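Enquirer: Okay, sequence plus prediction incoming.
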Number of protein chains: 2
Amino acid sequence: MSSHTEKEFQDLLKEQASYEEAIGLMAWDMRTKAPKKGIEGRSEVIGVLSSKVHEIQTSDQMKAMISELKGRTSSPMMERAVEEAEEMYLRTVKIPAEEYREYVTLQSRAESVWAEAKDNNDFALFQPYLEKLVDFKRRFAEYWGYEEHKYDALLHSYEPGMTVRILDEVFPKVREALTGLLSDIQASDNKPDPSVLEGHFPKNQQAAFSEEILKRMGYDFEAGRLDETIHPFAIGLNQNDVRVTTKYDEKDFRTAVFGTIHEGGHALYEQNISKDLAFTPLADGTSMGIHESQSLFWENFIARSESFWKNHYPVFKNYAPESFKELPLSDFYKAVNEVKPSFIRIEADELTYCLHIMVRYELEKALIGGEIEVKDLPYLWNRKMEDYLGIIPSNDGEGVLQDIHWSGGDFGYFPSYALGYMYAAQMNAVMRKDIDVDECMEKGNFKPIQEWLRANIHKYGKMKKPLEIIQDVTGEGLNPDYLITYVTEKYQNIYKLSK
Amino acid sequence: MSSHTEKEFQDLLKEQASYEEAIGLMAWDMRTKAPKKGIEGRSEVIGVLSSKVHEIQTSDQMKAMISELKGRTSSPMMERAVEEAEEMYLRTVKIPAEEYREYVTLQSRAESVWAEAKDNNDFALFQPYLEKLVDFKRRFAEYWGYEEHKYDALLHSYEPGMTVRILDEVFPKVREALTGLLSDIQASDNKPDPSVLEGHFPKNQQAAFSEEILKRMGYDFEAGRLDETIHPFAIGLNQNDVRVTTKYDEKDFRTAVFGTIHEGGHALYEQNISKDLAFTPLADGTSMGIHESQSLFWENFIARSESFWKNHYPVFKNYAPESFKELPLSDFYKAVNEVKPSFIRIEADELTYCLHIMVRYELEKALIGGEIEVKDLPYLWNRKMEDYLGIIPSNDGEGVLQDIHWSGGDFGYFPSYALGYMYAAQMNAVMRKDIDVDECMEKGNFKPIQEWLRANIHKYGKMKKPLEIIQDVTGEGLNPDYLITYVTEKYQNIYKLSK
């Protein structure tokens, strides 16, 4: 026991968390409200505060505290906090300071070059930057270390415990099931008619409906807000200030409605992390994949289900154009679940979405592993799109250049999206043993669902690792069968496929 | 020359400015957008960042840099920056650390007690806190030092160079002129009819008109925004992000329109400080009084003038209720300039406003000087209100408890409001020698006015001290005659007083 030092350690964590909260608010502001001329100065301020966070994480003081406290803390919470701090310390100090500085400079340059390259469909412009980023990340993976595959070291940043070995067993199963289902769907004579969803939806009506749904989900507007932005996100500044942003397309309500529910799922997670973890690195979602499981659970398993719309379609009609008055629920339900291969990941339907992830996973794994080179990406991207989705992008802007992730060096992030979907399917199956989820949705009573998620997932924050959450909640490890069963049953019904 | 250390000094100032910018954004957010449950955590974050600012200002590193650089800088800008840093260093380290901590704790407690006392008209509740605050400030004044009057040491925090000797010469002249004018006005048979301004003004119409006026003033919306709040303010986060807030009263457009123009005047100052001063303590208004001169110049000398409304009354009608269609400009102009003693400072008209300041100045000067005691304030407040304004508050909520300032220990701040008004009158008189201000207003062309203010005042930031600005701009020191002449002429006309 060394309670004096434990208090000092908490003070240091609080200082770090304070900088992070200030950075978070500045980031939110830049993406929603900030006047454009102020951005340059604000970015410098973010730079100064970020370097303070980095200083704390790698300080001699932090090192001494970790070594003094490890195994001698007064609570499991403190033990996990020390573990997290050590993990961050080690990952950061393993990279030589000079190399890290070069990497950060490259990142910010690469992002603006990427944006230009994307706008001009000019992969060649971005290629040299991407090559350097891949080189850095290959070296970082060596510094960090790994057991079987270099890419595992990168996966660890987003999904601790996840490996190529696991993904290579699971992803192909999902891919085969989905591509099989997709070809059945494309051959079906019973396709939904998405044109029934067309119409003019005034922004304020969409906002009002989105707010109503967020409230029903249990999102606490006294501990958050909903704002408009270009690229929607949710951000937890502290557990009592978790903000959702959305985008309104007046020609297509789906962008805002499903987008808000998706971000609302992320926000519910952060609002419901135990308050005991405040001002520590544990007051955060445990991984990108678990975070995504929460947004996808609400977006797909709840808001794209027939039971949900049984209750909410009449509510929706209050905000929707006249034309929906006559549209039967079943046509509406099918139309919002139309499956159609498309080029852009973030616009993909529930079924083809995972195939977009497979394309990215296979390419970045091979890149980091040194099996392919950056210059080959456009060609390989288009081949995989053709193989899995049956379509070929007409330019790199709607192909290999579409996502921002690689320009920031974020290799290993993409699998989280598909993992989140699988996690959500597993959770959904288990939840249905405890709760009559369909009845909840039909009654518009989300309290039991929200409470189940809080008690089993949300409250822990980073107290449990992602695979520990999955094991504790579902009694088994990652299992893709739940997702496969879910999509198969759902789309067999919608498209009247033979079983 | 010691250019290496100069760079280090600038880096330290930039770190300090970065914390201040982050704190500024958090403060803006708390007063406009933040969900209420998040406020508590956010306040703690502000506390952490504020203590970092305090640490930097009083650090041994800062002390060493100041002593090494003073008199050896490479530019006048660096010289002033060193001076400012030294001033802040000395004022801060002169107060024993333990005493300062006690004071900060008292401040935050006192503010909430004050709010409760105000709501319940219960001065006795607030009295012990106010007594302690006065004691602290008397001691701080001793630590800081002064030549003639203890109160001078406090004045210095808000208006460097200002003294009781100057104020006691100037304020009585203004007070006598205003009280004389007020009694003539009250005896006049030609009073404006303020009931003509009544009507329902939808918030969005007021917002649209306010925005239009801000744009005409030259406020740059690409370097700022306009939001709604309860207690309006302007805040400069950096020179390219200076935000204005306002409050809408749907029964009385004057709150938002004159309020927005007032805050817009503050904002124009900060937007036009020379960009060379960025990330130093010089990138700020030089004093509270000069800042107030800018807001009052726009609010009173521009927006309450007949010339202004010659151009803008037709524009205003586009946003106003039908009833204004028939209301003649002269009746409108007189009504927005109605003089009527009232209890609440922030709701006072242009003429009686200064009398409210005199009440406060005389009381706080005597308090700090030890001539009166806190317990006597309610009685003395009411006597002075009766003497100067001819009205007696019916309770302390609309009397001595109305302002937040004293609960934060801000003794010495109030004179800035009256000084700002006098400065503005002096500037206005000089400006009229260079520019045909009335013609500018009648044409709605504020460019020459804005440019004059930028070149003579704004661009300097803190490069010049307040009395230096006044001397350089007007060729003389503080002179109350300009204000007296201005109000006398204006109100003789409106109320048709004998001259």
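Expert: All right, it came through fine.

Enquirer: Just want the most central residue of chain A.
Expert: Nearest to the mean C-alpha position of chain A, by C-alpha atoms, centre = their mean, lies A:E292 at 4.1 Å.

Enquirer: got a list of what that one touches?
Expert: The contact partners of A:E292, taken as C-beta atoms under 8 Å, 6 or more residues apart in numbering or on different chains, are A:416-417, A:419-421, A:423-424. C-betas here are computed from N, CA, C, even on glycine.

Enquirer: Regarding it, what are the backbone dihedral angles?
Expert: A:E292 adopts backbone torsions of phi -70, psi -30, taken as degrees, to the nearest 10.

Enquirer: Got the domain ranges for chain A?
Expert: Chain A breaks down by automatic domain parsing into domains covering A:3-93, A:122-499.

Enquirer: Would you tell me what the next helix or strand after the host helix or strand of A:S108 is?
Expert: Following DSSP states H and E, one finds A:S108 within helix A:97-119. Once the chain leaves helix A:97-119, the next helix or strand it forms, by DSSP H and E, is helix A:123-144.

Enquirer: same for that following helix, what does it pack against?
Expert: Applying 3 or more C-beta pairs under 8 Å, 6 or more residues apart in numbering or on different chains; DSSP states H and E, we find helix A:123-144 packed against helix A:97-119, helix A:150-158, helix A:353-369, helix A:377-389.

Enquirer: Ok, which of those helices comes nearest B:A177?
Expert: When those are compared by C-beta to C-beta, helix A:97-119 sits nearest B:A177, at 59.8 Å.

Enquirer: ok, now which ones touch the residue of the stretch 251-400 of chain A at minimum distance from chain B?
Expert: In the stretch 251-400 of chain A, no residue comes nearer to chain B than A:A278, which is 6.8 Å away by C-beta to the nearest C-beta. Contacts here follow C-beta under 8 Å, 6+ apart; on that basis A:A278 touches A:17, A:238-239, B:41.

Enquirer: Does the host helix or strand of A:A17 reach chain B?
Expert: Here A:A17 sits within helix A:3-32, counting by DSSP H and E. Yes. Using C-beta under 8 Å from any C-beta of the partner chain, helix A:3-32 reaches chain B at A:14-15, A:17-19, A:21-23, A:25-26, A:29.

Enquirer: now those in a markdown table, with neighbour count and pLDDT?
Expert: A markdown table is the format used below for those (neighbours: other C-beta atoms under 10 Å in any protein chain shown; pLDDT from 0 to 100):
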| residue | neighbour count | pLDDT |
| --- | --- | --- |
| A:K14 | 17 | 96 |
| A:E15 | 19 | 97 |
| A:A17 | 24 | 97 |
| A:S18 | 26 | 97 |
| A:Y19 | 26 | 97 |
| A:E21 | 25 | 97 |
| A:A22 | 27 | 97 |
| A:I23 | 20 | 96 |
| A:L25 | 25 | 97 |
| A:M26 | 22 | 96 |
| A:D29 | 21 | 95 |
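
Enquirer: of all these, which comes closest to A:P328?
Expert: When the residues of helix A:3-32 next to chain B are ranked by distance to A:P328 (C-beta to C-beta), A:D29 comes first, at 43.9 Å.

Enquirer: report the angle between the axes of the helix holding A:A17 and helix B:3-32?
Expert: Here helix A:3-32 runs at an angle of 80 degrees relative to helix B:3-32 (axes from the mean of the first three to the mean of the last three C-alpha atoms, to 10 degrees).

Enquirer: Downstream of helix A:3-32, the next helix or strand is which one?
Expert: helix A:39-57.

Enquirer: What average pLDDT does the next helix or strand after that next one get?
Expert: Remark: after helix A:39-57, the chain's next helix or strand is helix A:60-69, criterion DSSP H and E. Per-residue pLDDT over helix A:60-69 has a mean of 96.

Enquirer: Kindly export helix A:60-69 (C-alpha atoms) in PDB.
Expert: Only the C-alpha atoms of helix A:60-69 are listed here, as PDB (Å, rounded to 0.1, in the frame of the first residue of the first chain):
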ATOM      1  CA  ASP A  60       9.800   9.800 -15.800                       C
ATOM      2  CA  GLN A  61       7.200  10.600 -13.100                       C
ATOM      3  CA  MET A  62       4.700   8.300 -14.800                       C
ATOM      4  CA  LYS A  63       7.400   5.600 -15.100                       C
ATOM      5  CA  ALA A  64       8.200   5.800 -11.400                       C
ATOM      6  CA  MET A  65       4.600   5.800 -10.300                       C
ATOM      7  CA  ILE A  66       3.800   2.700 -12.500                       C
ATOM      8  CA  SER A  67       6.700   0.800 -11.100                       C
ATOM      9  CA  GLU A  68       5.900   1.800  -7.500                       C
ATOM     10  CA  LEU A  69       2.200   1.100  -7.800                       C
END
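
Enquirer: who does it touch, helix- and strand-wise?
Expert: Under the contact definition 3+ C-beta pairs under 8 Å, 6+ apart, helix A:60-69 sits against helix A:3-32, helix A:76-93.

Enquirer: Kindly compare burial across those and name the winner.
Expert: Greatest average neighbour count among the helices and strands packed on helix A:60-69 goes to helix A:3-32 (a mean of 19), per mean count of other C-beta atoms under 10 Å in any protein chain shown.

Enquirer: So which other helices or strands are in contact with that one?
Expert: Applying 3+ C-beta pairs under 8 Å, 6+ apart, one finds that helix A:3-32 contacts helix A:39-57, helix A:60-69, helix A:76-93, strand A:234-238, strand A:241-246, helix B:3-32, helix B:39-57.

Enquirer: will you turn these into JSON lines that also has distance to B:S342?
Expert: Compiled in JSON lines, the helices and strands packed on helix A:3-32 are given as follows (distance: least, C-beta to C-beta, whole Å):
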{"stretch": "helix A:39-57", "distance to B:S342": "41"}
{"stretch": "helix A:60-69", "distance to B:S342": "57"}
{"stretch": "helix A:76-93", "distance to B:S342": "56"}
{"stretch": "strand A:234-238", "distance to B:S342": "41"}
{"stretch": "strand A:241-246", "distance to B:S342": "38"}
{"stretch": "helix B:3-32", "distance to B:S342": "25"}
{"stretch": "helix B:39-57", "distance to B:S342": "32"}
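
Enquirer: out of the ones you listed, which comes closest to B:N311?
Expert: helix B:3-32 (30.9 Å).

Enquirer: Enumerate every residue touching the closest residue to A:F136 other than its chain neighbours.
Expert: Leaving out its chain neighbours, the residue that sits closest to A:F136 by C-beta to C-beta, 6 or more residues apart in numbering or on different chains is A:Y103, at 5.0 Å. Contact analysis of A:Y103 by C-beta under 8 Å, 6+ apart lists A:95, A:136, A:140, A:409.

Enquirer: same check, this time on A:R360
Expert: A:R360 is in contact with A:345, A:403, A:414, counting by C-beta under 8 Å, 6+ apart.

Enquirer: give me the number of residues near the nearest residue to A:Q492 once chain neighbours are set aside?
Expert: The shortest distance from A:Q492 to any non-neighbouring residue, by C-beta to C-beta, 6+ apart, is to A:K499 (5.6 Å). A:K499 has 7 neighbouring residues, counting by other C-beta atoms under 10 Å in any protein chain shown.

Enquirer: show me the contacts for the closest residue to A:I368 other than its chain neighbours.
Expert: Distances taken as C-beta to C-beta, 6+ apart put A:Y151 closest to A:I368, at 4.6 Å, once the chain neighbours are dropped. For A:Y151, the contact set (C-beta under 8 Å, 6+ apart) comprises A:141, A:164, A:364-365, A:368-369, A:411-412.
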